[in-house]
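J.: Sequence and computational prediction follow.
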Amino acid sequence: MEKLFINIKELVQVRDKNVKKVSGKDMNTLPTLENAYLLIKDDMISSYGRMDDLNNYKADEIIDCDRKMILPTWCDSHTHIVFSGNREDEFSDKIKGLTYEEIAQKGGGILNSAKKLQETSETDLYKQASRRVEEIIGLGTGAVEIKSGYGLSVAAEIKMLRVIKKLKQNYPIAIKATFLGAHAFPLEYKDDKDGYVDLIINEMLPLVAQEQLAEFVDVFCEKGYFNILQTERILKAAKKYGLIPKIHVNQFNSIGGVKLGVVNNALSLDHLEVLTDEDLQDLQNTDTMPVALPSCSFFLGIPYTPARKIIEENLALALASDYNPGSTPSGNMNFVVATACIKMKMTPEEAINAATINGAYAMNLQDSLGSITIGKKANFFITKEIPSYTFIPYSFGSNLIEKVYINGSLNNNH
Ligand code: NIG
Ligand code: FE
């Protein structure tokens with residue numbers, strides 16, 4: 001089945017030759033084609049070009065874009081979309097001035113979400129998460145990574161991962177699962193932290209591997225959470241099962257997690273709000289993608305990841321939402337892109353590259369998603385009538401997406 005999209009005002013992020021990722025100065029180049037057409041066959045992109053060169057092509061369906069724009073769907077490489085309930089009760093404490101750490105010490109935070117999740121059935125958890133998946137598809141996301149980490153017991157972590165697996169089976173967008181058993185220490189291990197690390201290594205990891213529930217492993221490497229030695233033990237143990245590392249690092253403190261990550265060939269290192277010169281140096285000449293989460297900085301009122309420094313050091317950068325109930329109750333990648341421009345001083349070109357091709361790279365999806373390239377999945381959105389792609393981050397907060405196509409089919413859920 002062929003679908004032909006005609007009269008596209010601008011086809012954005014068109015790459016004749018697939019690039020794995022874009023770094024440094026190259027991030028400021030966003031290739032586009034004006035007055036274009038796009039042809040898809042079944043779930044794949046099969047051709048594109050200028051309207052002038054189209055002649056009389058007969059496709060099964062012709063969609064007139066009426067001078068609107070097309071962008072590849074967002075690739076959101078860091079979320080915690082499977083959670084139970086919300087934490088809006090902590091919101092008032094936050095407004096009164098309590099910090100993320102203080103809220104956690106009061107019994108809020110990750111442990112609060114873990115308690116809720118442990119009490120929620122797999123069916124109910126799936127229902128709650130599926131609503132969020134539908135929401136982000138409507139907002140233009142066509143690939144997403146989802147972490148466990150609100151279970152914190154063998155049974156609850158496995159329950160979360162099974163929910164992610166079911167989402168993967170039932171939704172057309174690309175979904176990647178990450179095992180984040182090391183998200184926080186459960187209360188009963190307060191005085192035996194290494195005991196919890198043992199539980200992760202000896203009981204959780206073998207089950208995750210046996211049921212093939214995750215492709216990546218993640219650790220919250222931070223003061224008061226998992227230290228360097230504990231993080232290293234978990235990464236090493238996970239490697240034996242073929243799980244690829246991603247780490248929550250440098251959200252509040254730089255404690256050596258960046259070096260540990262690159263030494264262990266982490267696919268991505270996420271957060272990086274606090275970044276030392278040594279960390280920047282460690283990222284040089286590696287295959288590890290730094291990932292910034294500006295909505296988290298926005299919500300918590302913490303520093304933004306120094307994007308300019310990262311890009312000026314000729315490194316790559318991806319943008320993701322971090323959608324979770326505690327630090328980022330939003331999965332809106334349009335807002336992420338806008339905030340990256342407004343607060344991190346990324347150019348629209350850099351931000352769109354970071355949220356598409358570099359996001360795909362951070363999920364190992366760069367060969368099938370992240371750009372308009374022949375042979376890639378037909379995942380893209382048609383905008384409303386806008387004067388330029390810059391208008392997307394400029395008019396933050398407006399919904400400028402008219403239609404979302406996933407694997408070549410129109411998404412009807414929004
Ligand atoms: O990425 N920082 C650690 N994990 C999440 C927040 C989790 C929560 O507060 O529930 C994050 O920001
Ligand atoms: Fe996170």
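T.: All right, it came through fine. Ligands and ions are numbered 1, 2, ... in the order given.

J.: Nearest to ligand 1: which residue in the chain?
T.: Nearest residue of the chain to ligand 1 (Cβ to the nearest ligand atom) works out as G326 at 2.2 Å. Placement of C-beta: from N, CA and C, glycine included.

J.: where does that residue land in three-state SS?
T.: coil (DSSP: H, G, I helix; E, B strand; the rest coil).

J.: so what's it up against?
T.: G326 makes contact with 87, 90, 100, 108-110, 112-113, according to Cβ atoms under 8 Å, 6 or more residues apart in numbering.

J.: do that again at 6 Å, thanks
T.: G326 makes contact with 87, 109, according to Cβ atoms under 6 Å, 6 or more residues apart in numbering.

J.: again with A156
T.: Counting by Cβ under 6 Å, 6+ apart, A156 touches 117-118.

J.: try K159
T.: K159 sits in contact with E122, where contact means Cβ under 6 Å, 6+ apart.

J.: May I ask which helix or strand encompasses it?
T.: Per DSSP states H and E, K159 falls inside helix 154-170.

J.: Counting neighbours, which bits of that helix end up buried?
T.: For helix 154-170, a neighbour-count test (16 or more other Cβ atoms under 10 Å) marks 156-168 as buried.

J.: how about it as PDB, C-alpha atoms only?
T.: C-alpha atoms of helix 154-170 as PDB (Å, rounded to 0.1, in the frame of the first residue of the first chain):
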ATOM      1  CA  VAL A 154      11.700  -8.600  42.800                       C
ATOM      2  CA  ALA A 155       8.000  -9.100  42.200                       C
ATOM      3  CA  ALA A 156       7.200  -5.400  41.600                       C
ATOM      4  CA  GLU A 157      10.200  -4.800  39.300                       C
ATOM      5  CA  ILE A 158       9.200  -7.800  37.200                       C
ATOM      6  CA  LYS A 159       5.500  -6.600  37.200                       C
ATOM      7  CA  MET A 160       6.700  -3.200  35.800                       C
ATOM      8  CA  LEU A 161       8.800  -4.800  33.100                       C
ATOM      9  CA  ARG A 162       6.000  -7.100  32.000                       C
ATOM     10  CA  VAL A 163       3.800  -4.000  31.700                       C
ATOM     11  CA  ILE A 164       6.400  -2.400  29.400                       C
ATOM     12  CA  LYS A 165       6.600  -5.700  27.400                       C
ATOM     13  CA  LYS A 166       2.800  -5.600  27.000                       C
ATOM     14  CA  LEU A 167       2.900  -1.900  25.900                       C
ATOM     15  CA  LYS A 168       5.500  -2.900  23.300                       C
ATOM     16  CA  GLN A 169       3.300  -5.700  22.000                       C
ATOM     17  CA  ASN A 170       0.100  -3.500  21.800                       C
END
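
J.: mean confidence for it?
T.: Averaging pLDDT along helix 154-170 gives 98.

J.: helix or strand right after it?
T.: Next along the chain from helix 154-170, counting by DSSP H and E, comes strand 174-182.

J.: What strands flank that following strand, and is each parallel or antiparallel?
T.: Applying DSSP bridges, strand 174-182 is found paired with strand 141-147 (parallel), strand 216-221 (parallel).

J.: Would you format the ones you listed as JSON lines with distance to A316, mean neighbour count and mean pLDDT included?
T.: Converted to JSON lines, the strands paired with strand 174-182 look like this (distance: least, Cβ to Cβ, whole Å; neighbours: other Cβ atoms under 10 Å; pLDDT from 0 to 100):
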{"stretch": "strand 141-147", "distance to A316": "17", "mean neighbour count": "29", "mean pLDDT": "98"}
{"stretch": "strand 216-221", "distance to A316": "18", "mean neighbour count": "27", "mean pLDDT": "98"}
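
J.: Would you mind giving those as a markdown table with distance to ligand 1 added?
T.: A markdown table is the format used below for the strands paired with strand 174-182 (distance: least, Cβ to the nearest ligand atom, whole Å):
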| stretch | distance to ligand 1 |
| --- | --- |
| strand 141-147 | 8 |
| strand 216-221 | 5 |
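
J.: Adding distance to S121 as columns, could you present these in JSON lines?
T.: JSON lines is the format used below for the strands paired with strand 174-182 (distance: least, Cβ to Cβ, whole Å):
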{"stretch": "strand 141-147", "distance to S121": "18"}
{"stretch": "strand 216-221", "distance to S121": "25"}
